[in-house]
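In: next one to model:
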Amino acid sequence: MKKFLFSLFLICTSLFGQPDFNSPDFIPRLHIESEIIALPRTDGEFSVNFIYKIPYRMLVFERKVDSFDAGFRVTVEILDEDSKLVVRDMKDSKVIVNNFEETNDYNLFLQDFLGFILKSGEYKISAHISDMNSTGELKLEPIKLDLEEYKDKIVQHPLVISSRDIMCDDKKNFILANSGGNVPFSSDKFHLIIPITDTSITEIDVVIESNDEVIISTKVNESYIIPIGIAECEKHLSVTRNPEAIPLRNFVVRNVNQKLNESEVTLKVMNEENSIDEEYESKIVWFNKPFSLMDPEKAIEFLNFVESDSVVSSLLSNSSSDYPKVLKDYWAKFDPTPETTYNEVMFEYYNRVDYSIKEFKGIGKGNGAKTDRGVVYIKFGKPVNIERSSNPQGQVMEIWSYLKPERKFTFVDKKGTGNFSLTEN
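Out: The predicted structure follows:
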């Protein structure tokens, strides 16, 4: 049974936000992503959607006969400007997985939303999440929402969607990125939807700046007039048609994340003829960033698995403030997609380091990446086949097989402590 206190775990994720890379037991910083999407309706009110995404790793799972089950309740309260309760609603969700590994997978999460209909006005939205298998409860920071301001704006809040679409009820829907309003730094492509209430406008200027540097500046005329809403579909949240919403002209900035690095950004939407000059603050966030890559100095040191000490020392001889650039420049020569800012090879390398740190430690070994199995895994990746057996001395053996090129590595646990030594290659 995987049973631990939800509240204690949340404290640990905060304490260990900067992991100890010399220990295999670091815990990454996990976040519950949430945001408010408000859309104008034909009756003059607003559809207000509280959207959330909760990582499986933050939940308490209980083992059943053939599954692991978790559950939680999200409660949302909306207060008016006089702090009077306007509405309260809650939703219970259940997560069922087939194996223990999925309960600890950093990339798995459950997402959903609670929808409300509100009149124009100022509100404060509070939410808390209760774990069903423990006494743990987490209160999120209250969000202020000024629907009076929304009512007067031509440009509504931008939405980030995946380039992939899904079919729901025989209709094409777009997957909401659901990343707290941030743009994912990823090899996947994401588009930006900029909804505008004045459907007569056919072109806008879009500028994205980072650290006062213009990264994207373009005229956008691709648009679709659709009354949009939020729906749940195939375990995704999607942007779909809502007949109760007013039609908006939705401008599309395609592949918006491909030229952006991790940073805070400012989105500017302009149209001089129609007196549009709006700004929105956002972030480019690498949500599944390898933990071994979070500290640039440590990341450079981890190159010692594939580089000589002299090369690593040369890189480290630069100023520490230059380490992020030094690291980026080093990996640039291996980048399979130099036209984008995301480097798939760098991601794969540090993902292997992360895996090795956690998976290949033995008794008395503080860092699995420094073991023989860890070094082989980092250099060559996951083997095609792992054969486990015993040798004539009764010691546990593992034979790792690779293809293209064909090679084999034999490891032996000589002392029965989980510390495997490389004996053949």
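In: the bottom helix or strand of the protein by mean pLDDT?
Out: helix 6-15 (a mean of 30; mean pLDDT, DSSP states H and E).
In: which SSE is immediately downstream of that one?
Out: Going down the chain from helix 6-15, the next helix or strand is strand 33-40, by DSSP states H and E.
In: partner strands of that next one, with direction?
Out: strand 46-55 (antiparallel) (DSSP bridges).
In: can you show me the CA trace of the strand it pairs with as PDB?
Out: Taking Å, rounded to 0.1, in the frame of the first residue of the first chain, the C-alpha atoms of strand 46-55 are listed here in PDB:
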ATOM      1  CA  PHE A  46     -20.100  35.100 -18.100                       C
ATOM      2  CA  SER A  47     -19.200  31.400 -18.200                       C
ATOM      3  CA  VAL A  48     -16.400  31.200 -15.600                       C
ATOM      4  CA  ASN A  49     -14.300  28.000 -15.600                       C
ATOM      5  CA  PHE A  50     -12.000  27.100 -12.700                       C
ATOM      6  CA  ILE A  51      -9.500  24.700 -14.400                       C
ATOM      7  CA  TYR A  52      -7.100  22.500 -12.500                       C
ATOM      8  CA  LYS A  53      -4.500  19.800 -13.100                       C
ATOM      9  CA  ILE A  54      -3.200  17.600 -10.300                       C
ATOM     10  CA  PRO A  55      -0.200  15.300 -10.600                       C
END
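In: for that strand, buried residues please.
Out: Residues of strand 46-55 classed as buried: 46, 47, 48, 49, 50, 51, 52, 53, 54, 55 (neighbour count, 16 or more other C-beta atoms under 10 Å). C-beta here means a position set from N, CA and C on the backbone, and glycine is covered the same way.
In: what segments of the stretch 51-200 of the chain are strands?
Out: 62-63, 68-80, 85-97, 109-118, 122-131, 137-139, 143-146, 159-168, 171-176, 183-184, 190-196 (DSSP state E, counting those that start in this stretch).
In: so which of these is nearest residue 417?
Out: Closest of the strands of the stretch 51-200 of the chain to residue 417 is strand 62-63, at 27.4 Å (criterion: C-beta to C-beta).
In: for that closest one, give the mean pLDDT please.
Out: Strand 62-63 carries an average pLDDT of 93.
In: pull up the pairing partners for that strand, direction included.
Out: strand 68-80 (antiparallel).
In: so how far is the strand it pairs with from its chain's centroid?
Out: Counting by C-alpha atoms, centre = their mean, to the nearest Å, strand 68-80 is centred 21 Å from the centre of its parent chain.
In: where do the domain boundaries of this structure fall?
Out: Domain assignment for the chain, taken from automatic domain parsing, gives 1-152, 153-288.
In: distance across the shortest one, terminal residue to terminal residue?
Out: For domain 153-288, the first-to-last residue distance is 35 Å (C-alpha to C-alpha, to the nearest Å).
In: model confidence over that domain, on average?
Out: Here the average pLDDT along domain 153-288 is 92.
In: can you check stretch 379-387 too?
Out: 95.
In: any buried residues in it, and which?
Out: Quick answer for stretch 379-387 (16+ other C-beta under 10 Å): residue 383.
In: and if you look at stretch 83-95?
Out: 93, 95.
In: I'd like the distance from that stretch to the chain centre, please.
Out: 25 Å.
In: do the same with stretch 130-148
Out: 20 Å.
In: for that stretch, measure first residue to last.
Out: 32 Å.
In: who's in contact with stretch 281-289?
Out: 106-107, 179, 181-186, 210, 257, 260-267 (C-beta atoms under 8 Å, 6 or more residues apart in numbering).
In: try stretch 125-134
Out: Contacts of stretch 125-134 (C-beta under 8 Å, 6+ apart): 3-7, 32, 34, 36, 48, 50, 52, 54, 59-62, 69-79, 92, 94, 136-140, 142-145.
In: again, only using 7 Å
Out: Residues outside stretch 125-134 that contact it (C-beta atoms under 7 Å, 6 or more residues apart in numbering): 5-6, 32, 34, 36, 50, 54, 59-60, 62, 70-78, 137-140, 142-143, 145.
In: which of those are buried, as a PyMOL select command?
Out: Here is the PyMOL command that selects the buried residues among the contacts of stretch 125-134 (16+ other C-beta under 10 Å):
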select buried, resi 6+32+34+36+50+54+59+60+62+70+71+72+74+75+76+77+78+138+140+145
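In: okay then, goodbye and thanks.
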